[in-house]
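Peer 1: attaching a predicted model along with its sequence, questions to come.
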Amino acid sequence: MDKLAEKMLLKKGAEASLFLVDWHERRVIVKVRIPKKYRPVALDEQIRSYRTVHEPQLMHEAKGAGVPTPLIYMVNLPESSIVMEFVEGQQIKQVINSVPKAERHDLCVKIGESIARLHKQGLIHGDLTTSNMILRPDGKIFFVDFGLGEKNTELEAKGVDLHLMKSALQSTHYQFWEECFQNVLCGYTSVLGVGVTEKVYEKIREIERRGRYVEERKQ
């Protein structure tokens, strides 16, 4: 990668590593997809190449839908890497437990509105957690890490997306999860309406019932 200065590892995930890098006199995030030794080499390269191309496309479409996402500066297919804007701010995960109730309400409503805008355009994030949402000082909430995202208009996909959001709130923000999720749904409803939200919520309940059935069968 050209003009790559000193880099600092920010996160090492199962699928990719994130580095904070000085690149062409700006701070950027470089996302590098990690080869998987358990996959045949040709298949591994195909999967990593597809995701390296697909993720920026989803982020671009999300921006078009009105959801802030980092700017993409470069895609390097041979290295399975993406150079993107470093968004100054804090993860929602870091702030949501400590802010006043009114501010927490507003943040969750904004999150719900953004999720609805994605779903309205047939975009599924695939990893809706408060770790993948950055609150910038100006109050904008940026959605990041679309690596597991897809184009899908099916009700099932929307339900799974929101079910993951609910589960993330339950595990990470257990003191306020019910309040937070209800406010997420309020924001979602304000964009997509009561009818659509009720159908998605029923799908969430169906997913939860399926999960309980599987657990009972295991026991």
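Peer 2: Structure's in. What do you need?

Peer 1: where in this structure is pLDDT low?
Peer 2: Applying pLDDT under 70 to the chain flags the ranges 1-6, 212-219.

Peer 1: again, only using 90
Peer 2: 1-15, 24-25, 36-38, 44, 210-219 (pLDDT under 90).

Peer 1: any idea which helix is longest in it?
Peer 2: Identified as the longest helix of the chain according to DSSP state H is helix 177-218.

Peer 1: what's it packed up against?
Peer 2: Counting contacts by 3 or more CB pairs under 8 Å, 6 or more residues apart in numbering; DSSP states H and E, helix 177-218 packs against helix 101-120, helix 155-172. Using the backbone N, CA and C atoms, a C-beta is placed for each residue, glycine as well.

Peer 1: the last one vs helix 177-218, what angle?
Peer 2: What it means is helix 155-172. Angular relation of helix 155-172 and helix 177-218 on a 0 to 180 degree scale: 110 degrees, by axes from the mean of the first three to the mean of the last three CA atoms, to 10 degrees.

Peer 1: domains in the protein, by residue range?
Peer 2: If you go by automatic domain parsing, the domain ranges for the chain are 4-85, 90-218.

Peer 1: out of those, which one sits most buried?
Peer 2: Of the domains of the chain, the one with the most neighbours on average (mean count of other CB atoms under 10 Å) is domain 90-218, at a mean of 17.
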